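Student: whatever this is, show me its structure:
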Amino acid sequence: MKRMPWIMIACLLLFNACHKANETGAINLHIDYSINGSSLVCDTVCYVNEAGNRFMINEIQWFISNIKLQDDHGDRITFRDENNIFYIDTDLPGTHLLHSKNLPARHYCVISFTFGLDETDNYSGHFTNPPESNMFWPDPLGGGYHYMKLNGKWLNDDDHLVPVNIHLGVGQNETLTEFYPNHFTVNLPIDLEVRSDQQAEAKLIMIIDNWFRNPNLYDFNTDGTSIMQNQAAQAKLRENGADVFSIQNPDNMKSLSDISKQIMKMAAPKPHFMTWENFKKTLSEIKENL
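Tutor: Okay, here's the model as predicted:
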């Protein structure tokens, strides 16, 4: 009889442990872009890369796949069990949010993904409907799909505005007898807590200017701006892709615009708001609430 309480306690502990193990939450992964330290502005010749090329960006279309999250114990969790391939397009706001549910509730410290599509996913006919199907890569050039189309224009040495088509995909040799995958894996530190029945937020940022600077200086004059059959140029960009992406953790996700609005909202009732003391006090209150 005296053993019964201990058996009951053990059962309760086991039940709680199982229940905790089955707790799940969701993640919203927001997609954003940065160039020269600011948000992307399309359709305006306002950018200069490291090589001195003046250019504009009209659109960026790309694939991200095989997203995984690593917890503090080293366990890797698939972002989405089915259809872990995402098409992202600057012109389609609906593609700027990647959502996953039923993720184990725990702390995650690394996020990884494939830029583009690996050999398992990159085969002709995989996508039958646009916009994904519009990313097809010609079969004679290796088939499958573009990893990215970065389209725009640049002012050449004659001050003529000419197309920029930075298209990444399968590379090939000059005789089209050998093909080279140019996808790559990205691993980024993240400080993300997924809580039971709650939705965590994070932001994945493409730092566009890094495509053209490190470790390889990319010059539109010498490296080209139409590169589907230029493996040397694609290899340069693949190597430069190592630091193109960054993660903004939830604590830092508020934009300057959001913070400005919050400042005005919190300060509105205060008399003589635009004094230094009131401004510092309001900023301190916002910091406590972030």
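Student: just the element for the closest residue to Phe55 other than its chain neighbours, please.
Tutor: Nearest residue to Phe55 in three dimensions, chain neighbours excluded: Trp154, at 3.8 Å (Cβ to Cβ, 6 or more residues apart in numbering). From N, CA and C alone the C-beta is placed, and that goes for glycine too. Using DSSP states H and E, Trp154 sits in strand 148-155.
Student: mind listing the strands that strand pairs with, and their directions?
Tutor: Using DSSP bridges, strand 148-155 pairs in its sheet with strand 54-71 (antiparallel), strand 161-168 (antiparallel).
Student: what's the following helix or strand after the last one?
Tutor: Looking back up the chat, that one is strand 161-168. Scanning forward in sequence from strand 161-168 by DSSP H and E, the next helix or strand is strand 171-172.
Student: each with direction, which strands does that next one pair with?
Tutor: Strand 171-172 is paired, per DSSP bridges, with strand 179-180 (antiparallel).
Student: contact partners of the strand it pairs with?
Tutor: Identification of contacts with strand 179-180 by Cβ atoms under 8 Å, 6 or more residues apart in numbering yields Gly142, Val170, Gly171, Gln172, Gln231, Gln234, Ala235.
Student: ok, which of the strands paired with strand 148-155 comes nearest His126?
Tutor: Closest to His126 of the strands paired with strand 148-155, according to Cβ to Cβ: strand 54-71, at 10.5 Å.
Student: CA atoms of that closest one as CSV?
Tutor: Provided in CSV are the C-alpha atoms of strand 54-71 (Å, rounded to 0.1, in the frame of the first residue of the first chain):
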residue,chain,number,x,y,z
ARG,A,54,25.1,51.4,-61.7
PHE,A,55,21.9,49.3,-61.9
MET,A,56,18.3,48.8,-61.0
ILE,A,57,16.4,45.7,-60.0
ASN,A,58,13.0,45.0,-61.5
GLU,A,59,12.2,41.6,-59.8
ILE,A,60,13.7,38.7,-57.9
GLN,A,61,12.2,35.2,-58.2
TRP,A,62,13.8,32.3,-56.4
PHE,A,63,13.4,29.0,-54.7
ILE,A,64,14.3,28.0,-51.1
SER,A,65,14.0,24.4,-50.1
ASN,A,66,14.8,21.8,-47.4
ILE,A,67,14.4,24.2,-44.5
LYS,A,68,15.4,22.7,-41.2
LEU,A,69,15.6,23.9,-37.6
GLN,A,70,18.2,22.6,-35.1
ASP,A,71,17.4,22.6,-31.5
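Student: ok, and for that strand, which residues are buried?
Tutor: For strand 54-71, a neighbour-count test (16 or more other Cβ atoms under 10 Å) marks 54-58, 60-71 as buried.
Student: buried ones in the following helix or strand past that strand?
Tutor: Using DSSP H and E, the helix or strand that follows strand 54-71 in sequence is strand 76-78. The neighbour-count check on strand 76-78 (16+ other Cβ under 10 Å) flags Ile77 as buried.
Student: just stretch 146-156 next, same as before
Tutor: For stretch 146-156, a neighbour-count test (16+ other Cβ under 10 Å) marks His146, Tyr147, Met148, Lys149, Leu150, Asn151, Gly152, Lys153, Trp154, Leu155 as buried.
Student: ditto for stretch 92-101
Tutor: Thr95, Leu98, Ser100.
Student: buried sites along stretch 184-204?
Tutor: Buried positions in stretch 184-204, judged by neighbour count with 16+ other Cβ under 10 Å: Phe184, Val186, Ile190, Leu192, Val194, Ala200, Ala202, Lys203, Leu204.
Student: quick check, distance from it to the centre of its chain.
Tutor: Stretch 184-204 has its C-alpha centroid displaced from the chain centroid by 11 Å (Cα atoms, centre = their mean, to the nearest Å).
Student: same question for stretch 112-127.
Tutor: 16 Å.
Student: with just CA atoms, put stretch 237-252 into PDB.
Tutor: The C-alpha coordinates for stretch 237-252 follow below in PDB (Å, rounded to 0.1, in the frame of the first residue of the first chain):
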ATOM      1  CA  LEU A 237      27.900  33.900 -57.500                       C
ATOM      2  CA  ARG A 238      27.500  30.500 -55.800                       C
ATOM      3  CA  GLU A 239      30.600  31.300 -53.800                       C
ATOM      4  CA  ASN A 240      29.400  34.800 -53.000                       C
ATOM      5  CA  GLY A 241      26.100  33.400 -51.800                       C
ATOM      6  CA  ALA A 242      27.700  32.300 -48.500                       C
ATOM      7  CA  ASP A 243      27.000  35.600 -46.800                       C
ATOM      8  CA  VAL A 244      24.000  36.700 -48.800                       C
ATOM      9  CA  PHE A 245      21.400  35.700 -46.200                       C
ATOM     10  CA  SER A 246      20.900  36.700 -42.600                       C
ATOM     11  CA  ILE A 247      18.200  36.100 -39.900                       C
ATOM     12  CA  GLN A 248      16.500  38.800 -38.000                       C
ATOM     13  CA  ASN A 249      15.500  37.400 -34.600                       C
ATOM     14  CA  PRO A 250      12.000  38.200 -33.200                       C
ATOM     15  CA  ASP A 251      13.400  40.800 -30.700                       C
ATOM     16  CA  ASN A 252      14.800  42.800 -33.600                       C
END
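Student: thank you kindly, that will do.
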